[in-house]
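In: Quick one: sequence plus predicted model below, questions after.
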Amino acid sequence: DTGVSQNPRHKITKRGQNVTFRCDPISEHNRLYWYRQTLGQGPEFLTYFQNEAQLEKSRLLSDRFSAERPKGSFSTLEIQRTEQGDSAMYLCASSSLAGEETQYFGPGTRLLVL
Amino acid sequence: DQQVKQNSPSLSVQEGRISILNCDYTNSMFDYFLWYKKYPAEGPTFLISISSIKDKNEDGRFTVFLNKSAKHLSLHIVPSQPGDSAVYFCAASGYSGYALNFGKGTSLLVTP
């Protein structure tokens, strides 16, 4: 399977704990995106990488959130000092630089903060 | 501020009939539009897209129409099948390779 993969698929944590999610994009894709989706809403953009460079961050990405893509391949999204409002589905997507504009999504990581 | 709007939260259609899902946008800088299908507990699956230089794009049972003057697009599914039952999201971007702005989705139910 050469699609976007995300791990873990589910995460339950207590308020105040740190969590980290991983995304592996489609192998030839240079661009990687993180989105967050809450109940009844569409996905909301968080941040975007082109290769290893983080080129854009949404105002939704508070200073408790950090994302990295150290070698331009997989990416991690860390949330520090989690809050109950962080409970959501975290989606990763990737796309190619070579004229293909479509973003392909992974299955998501569902986070529940108790 | 919601720049992409799907004003119908749900739609029910009989199998074999046409499903029409609508989407409106407010940002005239959007130039690429996509439709995604989503099942519960899964990520969105890409269905079809259209660039602002076109007014129609067709792929099998799926056709997307774009009316730039009205800032409106629609997805037609013909014929509808029970397996099409899912939430459909409309998305738009301002230029290639950048953030997608999504609507809130329309839940489609295709009944036998």
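Out: Yes, it's here.

In: Any idea which residue is closest to the centre of chain A?
Out: A:Trp34 (3.3 Å; Cα atoms, centre = their mean).

In: and the one helix or strand that one maps to, is it in reach of chain B?
Out: Using DSSP states H and E, A:Trp34 sits in strand A:31-37. Yes - contact check for strand A:31-37 against chain B, using Cβ under 8 Å from any Cβ of the partner chain: residues in range are A:Arg31, A:Tyr33, A:Tyr35. Bear in mind the C-beta positions are built from the backbone N, C-alpha and C, glycine included.

In: Report the residue spans of chain B with pLDDT below the cut-off.
Out: B:95-97 (pLDDT under 70).

In: how much space is there between the residue in it that chain A sits nearest to and A:Ser95?
Out: Nearest residue of chain B to chain A, counting by Cβ to the nearest Cβ: B:Phe102, 3.0 Å away. Counting by Cβ to Cβ, to the nearest Å, the gap from B:Phe102 to A:Ser95 is 15 Å.

In: so what's residue 34 up against?
Out: This is for chain A. A:Cys23, A:Phe45, A:Leu46, A:Thr47, A:Tyr48, A:Ala67, A:Ser75, A:Leu77, A:Tyr90, A:Leu91, A:Cys92 (Cβ atoms under 8 Å, 6 or more residues apart in numbering or on different chains).

In: not quite, I wanted chain B
Out: Applying Cβ under 8 Å, 6+ apart, the residues near B:Leu34 are A:Thr102, A:Gln103, B:Phe46, B:Leu47, B:Ile48, B:Ser49, B:Ile50, B:Cys90, B:Ala91, B:Ala92, B:Ser93, B:Leu100.

In: okay, those residues in TSV with distance to B:Val110, neighbour count and secondary structure next?
Out: Putting the contacts of B:Leu34 into TSV (distance: Cβ to Cβ, whole Å; neighbours: other Cβ atoms under 10 Å in any protein chain shown; DSSP: H, G, I helix; E, B strand; the rest coil) gives the following:
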residue	distance to B:Val110	neighbour count	secondary structure
A:Thr102	25	15	coil
A:Gln103	26	30	coil
B:Phe46	20	15	strand
B:Leu47	15	19	strand
B:Ile48	17	19	strand
B:Ser49	22	19	strand
B:Ile50	23	21	strand
B:Cys90	18	28	strand
B:Ala91	22	24	strand
B:Ala92	25	24	strand
B:Ser93	29	21	strand
B:Leu100	26	29	coil
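
In: Among those residues, list the two that are farthest apart in space.
Out: B:Leu47 and B:Ser93 (15.6 Å; Cβ to Cβ).

In: That's all I had, so thanks and see you.
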